[in-house]
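1. Sequence and computational prediction follow.
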Amino acid sequence: MLSESLSKSLGSSRPRELVGHKRNVFSLAWNCVGTVLASGSADGQIKLWSVGMNSREVGSMPAHSKGVDQLAWNPQNQRELASVSEDKTVCIYDAKTKKCIRRMNTPGSNMCVAWSPDGKTLVVSDKRDLVTVIDAKTGKKISSRQFSCPVDQFAFTPSGRHIAFATTQHSRGVVDIYDVQAGLDKGPAHSVHAHTAGCQDVVMNGRNKMAVGSYDGLASVWDLNELICLSTVDRHDTAMRGLDFSTCGEYLISASETLIDVADSQGRKVHSIDTQHTRTVAITWHPTKYMFAYAGDDKESRQYEGVIRVVGCE
């Protein structure tokens, strides 16, 4: 079985360490074809990595005056990378030239960014829970919404018609799903009451499945058509720090401060990594291989600060 083979492969894989950042890494993202891994750090730098038998840094960009909070690659262009920061800017880079090709000022300190599947728009949120939709080519605002509740992460559905927001409403986790064409000001088309504590993360796969991570330590997988829960991962004992689907969407990786868990479509354990000493902050699957990268936040010894680890098959 594939799950057994993957479990053995991940278990025998020796993590490769990518060292270069001077401070903690907040975000990791592969480009759409998986040839470059980007990392954004509290040191304000974005680094680009080639990951393989001889993994190495292939580029560095002084991105922001403050920490890089999140990165996102254009799903239609392997060279375009977007970043957001507390310095109230959104930047788009050409990864080949290592230059910023568009810089947009925003009213607040930014936290999250996502591209639409067609690569034409960006969605950005800030610490005041203001969400803005931006035309990626012109940098002009298309629409915005001031949420009255905390918004942690968001993700487009595979069709690009809807966008799901992981929120906390009255101390409970709710995923609000908005129709992008109708505009954010119209209110949610659907609301999924997903968890007993706030939702921390939400990701999609190409099989019309949505995964939600919560501060209650659970990760859940949902059918996007019926909006019903299909499975849960309950092996974490602390809040979720990140989620991602594997290539083809058949496996879910979830990370808390103390554990990285790889589960199959039924929520059954395939592999796990004890991360009590690294406290995972960012995690991402490779888009075509059974390989993932993660980075931690070691505030005690600083031994692992800024280190990225890659686990899996070439």
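-> Perfect, I can see it now.
2. Thought residue 53 was touching residue 16, still the case?
-> No. Look at residue 16 against residue 53 with C-beta atoms under 8 Å: they stay out of range, at 9.2 Å. Every C-beta, even on glycine, is put in place using the N, C-alpha and C of the backbone.
3. Name the residue in those two with the higher neighbour count.
-> Taking other C-beta atoms under 10 Å, residue 16 and residue 53 do not tie; residue 16 has more neighbours (18 against 6).
4. Setting aside sequence-adjacent positions, which residue approaches the more buried one most closely?
-> residue 310 (4.6 Å; C-beta to C-beta, 6 or more residues apart in numbering).
5. Now do the contacts for that neighbour.
-> Each residue near residue 310 by C-beta atoms under 8 Å, 6 or more residues apart in numbering is listed here: 15-16, 18, 37, 51, 55, 291-293.
6. Output the below-cut-off pLDDT ranges for the stretch 51-200 of the chain.
-> For the stretch 51-200 of the chain, not a single residue meets the criterion pLDDT under 70.
7. Okay, helices next: where are they in it?
-> With helices called from DSSP state H, counting those that start in this stretch, the stretch 51-200 of the chain shows none.
8. What segments of it are strands?
-> 56-62, 68-73, 80-85, 89-94, 99-105, 110-115, 121-126, 130-135, 141-146, 151-156, 162-169, 172-179, 190-195, 199-204 (DSSP state E, counting those that start in this stretch).
9. so which of those strands gets nearest residue 281?
-> Proximity to residue 281 (C-beta to C-beta) singles out strand 68-73 among the strands of the stretch 51-200 of the chain, at 10.8 Å.
10. From the contact counts, what lies against that closest one?
-> Helices and strands touching strand 68-73, as assessed by 3 or more C-beta pairs under 8 Å, 6 or more residues apart in numbering; DSSP states H and E, comprise strand 25-30, strand 37-41, strand 45-50, strand 80-85, strand 110-115.
11. Relative to residue 218, which of those is closest?
-> Here strand 110-115 is closest among the helices and strands packed on strand 68-73 (C-beta to C-beta), at 21.1 Å.
12. what does that closest one contact?
-> Applying C-beta under 8 Å, 6+ apart, the external contacts of strand 110-115 come out as 69-75, 82-86, 88-90, 121-127, 136, 151-156, 163.
13. Sort out which of those residues are buried, if you could.
-> 69-75, 82-86, 88-90, 121-126, 136, 151-156, 163 (16 or more other C-beta atoms under 10 Å).
14. which residues does the nearest residue to residue 63 once chain neighbours are set aside bridge with?
-> With C-beta to C-beta, 6+ apart as the criterion, residue 63 has its nearest non-adjacent residue at 4.5 Å, and that residue is residue 46. Bridge pairing for residue 46 (DSSP bridges) gives the partners residue 40, residue 61.
15. so who does residue 46 touch?
-> 38-40, 60-61, 63, 68, 71, 81, 83, 93.
16. same deal with residue 34?
-> Residue 34 touches 286-289, counting by C-beta under 8 Å, 6+ apart.
17. what do you get for residue 176?
-> By C-beta under 8 Å, 6+ apart, the residues touching residue 176 are 164-165, 167, 188, 190-192.
18. Could you check how many residues crowd around the residue found closest to it once you drop the neighbours it is linked to in the chain?
-> Leaving aside its sequence neighbours, residue 176 sits nearest to residue 188 (C-beta to C-beta, 6+ apart; 4.0 Å). Neighbour count for residue 188, taken as other C-beta under 10 Å: 19.
19. same check, this time on the one 5 residues further on
-> The local packing count at residue 193 equals 11, with neighbours defined by other C-beta under 10 Å.
20. That one contacts residue 167, doesn't it?
-> No. Using C-beta under 8 Å, residue 193 makes no contact with residue 167, being 10.7 Å away.
21. Check the contact lists of the two and give me the overlap.
-> 173-174.
22. about what we covered before: got the contact list for the residue nearest to residue 176?
-> With C-beta under 8 Å, 6+ apart, residue 188 has these contacts: 176-178.
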